[in-house]
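**Student:** Turn this into a structure:
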Amino acid sequence: MSPSNEFKRRKGGRNPKDKPAVFRYSIRMNVDENDKFLSLFEQSGESIKAHFITSCIFNKPVKVIKIDKGVQDYYMRMTTFFGQYRAIGTNYNQVVKALKSNFAEKKALAFLYKLEKATLELVLLQKEMIQLTDEFERKYGHLWLQK
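**Tutor:** Numbers count the residues shown, from 1 in each chain. Coordinates of the predicted model:
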């Protein structure tokens with residue numbers, strides 16, 4: 001059975017590009033130029049050097065990403081706090097449900113006392129989060145934070 005003109009069999013693999021990149025250029029750099037190039041490449045956030053070079057040649061905007069260690073520390077600590085806060089909230093809800101359905105009033109009151117202590121810990125955690133955020137805004141007030 002031979003394939004008709006309407007239904008030609010395709011080979012597997014990628015679809016061919018409309019404009020494949022077939023031209024290749026080579027440049028040479030000394031040690032200082034290469035160090036500067038690698039520094040700019042790392043700051044750009046590009047993952048492929050050829051894409052970075054073509055964006056520089058054709059005046060496409062070059063992205064420069066600077067990671068501030070203080071901002072990164074703040075983000076990591078706040079992520080940890082929010083995780084703890086969420087865990088405490090989940091435990092809080094589970095305890096209240098268990099008290100309501102499983103215990104007599106006297107025993108439930110004893111557990112509610114313990115729950116009150118956990119609530120105070122939660123308030124302290126919230127205060128610590130607010131303090132950390134205030135400290136961050138004082139230190140990095142020039143940066144924009146999404147609220």
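**Student:** Is Met78 in contact with Thr133, as I believe?
**Tutor:** Yes. In this structure, Met78 is within contact of Thr133 by Cβ atoms under 8 Å, at 7.5 Å. Glycine gets a C-beta too; all of them are placed from N, C-alpha and C.
**Student:** can you list the domains in the chain?
**Tutor:** Per the record, the chain has its domains at 26-66, 69-139, by automatic domain parsing.
**Student:** I'd like the ones you listed as CSV, with mean pLDDT, mean neighbour count and distance to Lys17 appended.
**Tutor:** What follows is these, written out as CSV (pLDDT from 0 to 100; neighbours: other Cβ atoms under 10 Å; distance: least, Cβ to Cβ, whole Å):
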stretch, mean pLDDT, mean neighbour count, distance to Lys17
domain 26-66, 82, 11, 15
domain 69-139, 81, 12, 39
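**Student:** Can I get the ones you listed in TSV including distance to Lys11?
**Tutor:** Listed next are the domains of the chain as TSV, based on distance: least, Cβ to Cβ, whole Å:
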stretch	distance to Lys11
domain 26-66	27
domain 69-139	48
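**Student:** and of those domains, who's closest to Asn15?
**Tutor:** domain 26-66 (20.5 Å; Cβ to Cβ).
**Student:** So what does Ala104 have for phi and psi?
**Tutor:** Phi and psi for Ala104, reported as degrees, to the nearest 10, are phi -70, psi 170.
**Student:** how close does it sit to Gly45?
**Tutor:** The gap separating Ala104 from Gly45 is 61 Å, by Cβ to Cβ, to the nearest Å.
**Student:** and if you look at Ser26?
**Tutor:** 25 Å.
**Student:** got it, and Leu109?
**Tutor:** Counting by Cβ to Cβ - Leu109 and Gly45 are separated by 58 Å.
**Student:** Ile130 versus Leu40, what's the distance?
**Tutor:** 39 Å.
**Student:** Ile88 now?
**Tutor:** 16 Å.
**Student:** Same question for Ser39.
**Tutor:** Ser39 sits 38 Å away from Ile130, taking Cβ to Cβ as the criterion.
**Student:** What of Leu112?
**Tutor:** Distance, Leu112 to Ile130, by Cβ to Cβ: 26 Å.
**Student:** what residues are up against the residue nearest the centre of the chain?
**Tutor:** In the chain, the residue lying closest to the centroid (Cα atoms, centre = their mean) is Tyr75, at 9.6 Å. By Cβ atoms under 8 Å, 6 or more residues apart in numbering, no residues touch Tyr75.
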